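*Asks:* quick check, what structure comes out for this input:
(2 chains)
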Amino acid sequence: MLPISGFPELLPAERFVELHFLDTIREVFELHGFAPLETRAVEPTSRLLGKGGDADKEIYGVSRLAGRSEERSGAEAELGLHFDLTVPFARYVLENAGKLAFPFRRYQIQKVWRGERPQEGRFREFTQADIDVVDVGELAPHVEAEMPLVIAEAFGRLPVGEFRIQVNNRRIPEGFYLGIGLTDVAGTLRIVDKLDKIGPEEVAAQLVAAGATDEQARLALALAEIRSTDLAFVGAVRALGVAHPTLDEGLDALAAVIAVGMERAPGVLVADLRIARGLDYYTGTVYETQLVGSEDWGSVCSGGRYDSLASDGRTTYPGVGISIGLTRLVHLLVAKRGLTASRSTPAAVLVAVVDDASRSRSDAVAAALRARGVPCEVAPTAAKFGKQIRYADRRGIPFVWFPGAGDDDGDQVKDIRSGEQADADVATWECPAADLRPSIITP
RNA sequence: GUGGGCGUAGCUCAGCUGGUAGAGCAUCGCGUUGUGGUCGCGAGGGUCGCGGGUUCAAGUCCCGUCGCUCACCCCA
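*Replies:* Residues are numbered from 1 along each chain as shown, chains lettered A, B, ... in the order given. I've put the predicted structure just below:
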């Protein structure tokens, strides 16, 4: 009985943390008018293939019956588990275009699967919380600014600490590289992206090794090092003296996004001209999100604009979306920052059982508490009270209810944290609001 | 997919040049016979990942295999 690598399973207290994140994220998504949606777990493999970089080799194929060896060992699976929520959504939009109202805003919180090698914070099965907006033919550019601001609002309500959403526009490096005569845009981006890891000298060396001149490498590096929380990046790029129409488009688009961010969430959005990653279908704006002080965790929320992912050949539905890596975010906060829940069960009260004959009385107490919205459970055995208290203590249940412990056969309730025990009436007792549900604890 | 590290109790690990499997924590019981946490005493719990080889003898050495893990790749 060993865990399967990359398929994480949580303990109840950790799951409470994850649920709190889920609830908060969903609430914020709905506050912004995103409609709920769920798509099936599988797509035809042909629809998943070729959508991004090395994503192809990460697709889990699904054979229809596990016991059918001829299917397991046979040709390529016809169905594959989705590796993100954007590709299935694009397919869904095409299939349901006649029933949807555009621009269509939806959120989707689901498991996705990628067959990569697991590592800390990288999983084969994980949950993404995704918002997207698609429109018919044209998509208003202001939506590109809205996406990260919704995320900023959700993160602002969660115990994630400070965070930065880095924004770039793929047209900037693309136009810039073309402007200086570097035609291998993707290859150049791939090398430049290692800047943090291997440093500028090594990046320059690799660019030259890939065929760039010293001057081209110098300029590409100079572009990658530009970042600003205001519009200063535009002047910094211009100062490099490179001209290309695609570069101009990118700069205008990014400036528009950053300008909105400066007004609505100062300091959160950062124009960072080295951000280039994400899947191949992104065509313009791209986002990555890092928690301040935990940059080595990688991005916990990414996305971008895709102009041609959803197209039936006649009509194109451009979209923009962003996706929170919920599993990575929660796992790392729990593992590295000690985030946890105040208890491992929803029960706020354990109703003690005096003896087997009076269990029905304890059941009645529990029913009355539940009717008033207090989560509770009845002790599993009529063990000694010390054991029943310990049962509650080990689960973090704050209160133990003792039927008939008071005068005139009245009940008493004990706060086992303080040891304080007092008379209580099940019809009127108020559970402190802070104890009603498990709370999230940040060390 | 490529390369390194590691597999011994539920968890974290010790176990030397091969010689009858250990500790701490956790769990359960008792002390304390219906009000926990501390403390003391005790108990249960192991095909040493799996398979093969060397040897009188393998947790220990050799080979294979599976798994976990870290880095690369890529990504949430």
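
*Asks:* and the residue nearest the centre of chain A?
*Replies:* residue A:324 (2.3 Å; CA atoms, centre = their mean).

*Asks:* any buried residues in the helix or strand encompassing that residue, and which?
*Replies:* For residue A:324, the element it lies in under DSSP states H and E is strand A:316-325. Residues A:316-325 are the ones in strand A:316-325 that count as buried (16 or more other CB atoms under 10 Å). Quick note: C-beta positions are derived from backbone N, CA and C, even for glycine.

*Asks:* with those in mind, which one is nearest to residue A:37?
*Replies:* Nearest to residue A:37 among the buried residues of strand A:316-325, counting by CB to CB, is residue A:321 at 12.0 Å.

*Asks:* grab the nearest non-local neighbour of the closest one.
*Replies:* residue A:132 (3.3 Å; CB to CB, 6 or more residues apart in numbering).

*Asks:* quick check: beta-bridge partners of the one you found?
*Replies:* Residue A:132 forms beta bridges with residue A:106, residue A:321, as assigned by DSSP bridges.

*Asks:* and it, what's its pLDDT?
*Replies:* You'll see residue A:132 listed with a pLDDT of 97.

*Asks:* do the one 3 residues further on as well
*Replies:* Residue A:135 carries a pLDDT score of 96 in this model.

*Asks:* residues contacting it?
*Replies:* Residue A:135 sits next to A:102-104, A:317-319 when contact means CB atoms under 8 Å, 6 or more residues apart in numbering.

*Asks:* mind doing that once more with 6 Å?
*Replies:* A:102-103 (CB atoms under 6 Å, 6 or more residues apart in numbering).

*Asks:* okay, now the domains of chain A?
*Replies:* A:12-35+A:85-340, A:349-441 (automatic domain parsing).

*Asks:* helix or strand with the lowest mean pLDDT in chain A?
*Replies:* helix A:69-72 (a mean of 45; mean pLDDT, DSSP states H and E).

*Asks:* list the strands paired with the following helix or strand past that helix, with their directions.
*Replies:* On the C-terminal side of helix A:69-72, the closest following helix or strand by DSSP H and E is strand A:79-81. If you go by DSSP bridges, strand A:79-81 pairs up with strand A:42-44 (antiparallel), strand A:61-62 (antiparallel).

*Asks:* who's in contact with strand A:79-81?
*Replies:* A:41-42, A:45, A:48, A:59-62, A:113.

*Asks:* ok, these vs residue A:201, which is closest?
*Replies:* residue A:59 (37.1 Å).

*Asks:* from what I see, that closest one and residue A:48 are in contact.
*Replies:* Yes: applying CB atoms under 6 Å, one finds residue A:59 in contact with residue A:48, separated by 5.3 Å.

*Asks:* more crowded one of those two?
*Replies:* Set residue A:59 next to residue A:48 and count neighbours by other CB atoms under 10 Å: residue A:48 wins out with 25 against 22.

*Asks:* how about that one, nearest residue that isn't a chain neighbour?
*Replies:* Per CB to CB, 6+ apart, closest to residue A:48 is residue A:80, 4.8 Å.

*Asks:* what about that neighbour, distance to residue A:299?
*Replies:* Distance, residue A:80 to residue A:299, using CB to CB, to the nearest Å: 24 Å.

*Asks:* of these two, which one has the most company?
*Replies:* residue A:80 (24 against 20).

*Asks:* okay, and the beta partners of the more buried one?
*Replies:* Bridge pairing for residue A:80 - DSSP bridges - gives residue A:43, residue A:61.

*Asks:* show the model's pLDDT score for it.
*Replies:* Listed pLDDT for residue A:80 reads 87.
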